[in-house]
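Trainee: Below are the sequence and a predicted model for it; my questions follow.
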Amino acid sequence: MKKNSVRRVLLTLAFAGCFPAMASAGIFDDDEARKAILDLRAKIEALNARLDSRIETKADKSTALDLANENEKLRAELAKLRGQVEVLANDIANTQRRQQDFYVDLDNRIRKLEPKRMVVDGREAVIEPGEERAFEGAMNVYKSGDFKAAVNGFSGFLNSYPNSVYAGQAQYWMGNSYLAQRDCKGMIPVMQQLVKSYPDHPKAPEALLNISLCQVELKDKPAAKKTLETIVRDYPNTEAAQAAKSRIGALK
């Protein structure tokens, strides 16, 4: 209820304050057009009455030709007025449609500025628009293959939004950005931080698996074996655990 009230207030302020000329012009056009239609309808009714009266009068006092000419003039004027009524009615409909489109567009713009409630990695959270854009921006850099810039992007995101629901993902993809550069010394502490801060994160088992790969790369097999055993113990029902069991045997 509170959010809807805020939206209504913003809509009113934006429409009345930011677009006063458009608002007044639309209301003025509607009022004038409606008044004109009423006037024209009154004229049409008057013409119909005159037409009926002339027909009755002329039937007794004038020739058939005079009656026909007079009737033709009245009918032409009547047709013209009816055309004007149709034009004005169409103008009103167009004005109302433009105003409705404006309100819909404004409401959509306001919604984009509002926080959104979302479920990310099994957690429900309120996400600020800037927070979402920052994370998506870093992900887009990663997907482009510029892994060095991606590290900076995810690091900047974590500095700006340390408590974000995206923080676990940012840690994981920053670690993968180091791994893509074959920078194991940079990757290991990032992945370890993910597991330490978010042990229940869906990417935690994969993070440990990547850590073990780098430990093998760095010729530290005892550490790699310990990491693999941690995966089997703490995440037994995952694909990472199955991979870890195979690799433990290969390390012997």
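Mentor: Nice, thanks for sending it over. Residues are numbered from 1 along each chain as shown.
Trainee: Now do the contacts for the spatially closest residue to Pro205 that is not a sequence neighbour.
Mentor: Among residues not flanking Pro205 along the chain, Ala240 sits closest, at 3.5 Å (CB to CB, 6 or more residues apart in numbering). C-beta: built from backbone N, CA, C; applies to glycine. Applying CB atoms under 8 Å, 6 or more residues apart in numbering to Ala240 gives the contacts Pro205, Glu206, Leu208, Leu209, Ile231.
Trainee: Strands of this structure, residue ranges please.
Mentor: Secondary structure of the chain (DSSP state E): strands located at 116-120, 123-127.
Trainee: between the contacts of Ala240, which has the most around it?
Mentor: In terms of neighbours by other CB atoms under 10 Å, the contacts of Ala240 top out with Ile231 at 27 neighbours.
Trainee: how close does it sit to Ser160?
Mentor: Computed with CB to CB, to the nearest Å, the distance linking Ile231 and Ser160 is 31 Å.
Trainee: avg pLDDT for stretch 223-231?
Mentor: Average pLDDT, stretch 223-231: 95.
Trainee: Which positions in it come out as buried?
Mentor: Going by neighbour count (16 or more other CB atoms under 10 Å), the buried part of stretch 223-231 is Ala223, Ala224, Lys225, Thr227, Leu228, Thr230, Ile231.
Trainee: From those, pick the one nearest Val165.
Mentor: Nearest to Val165 among the buried residues of stretch 223-231, counting by CB to CB, is Ile231 at 24.2 Å.
Trainee: How about the contacts made by the closest one?
Mentor: Pro205, Leu208, Leu209, Ser212, Thr238, Ala240, Ala241, Ala244.
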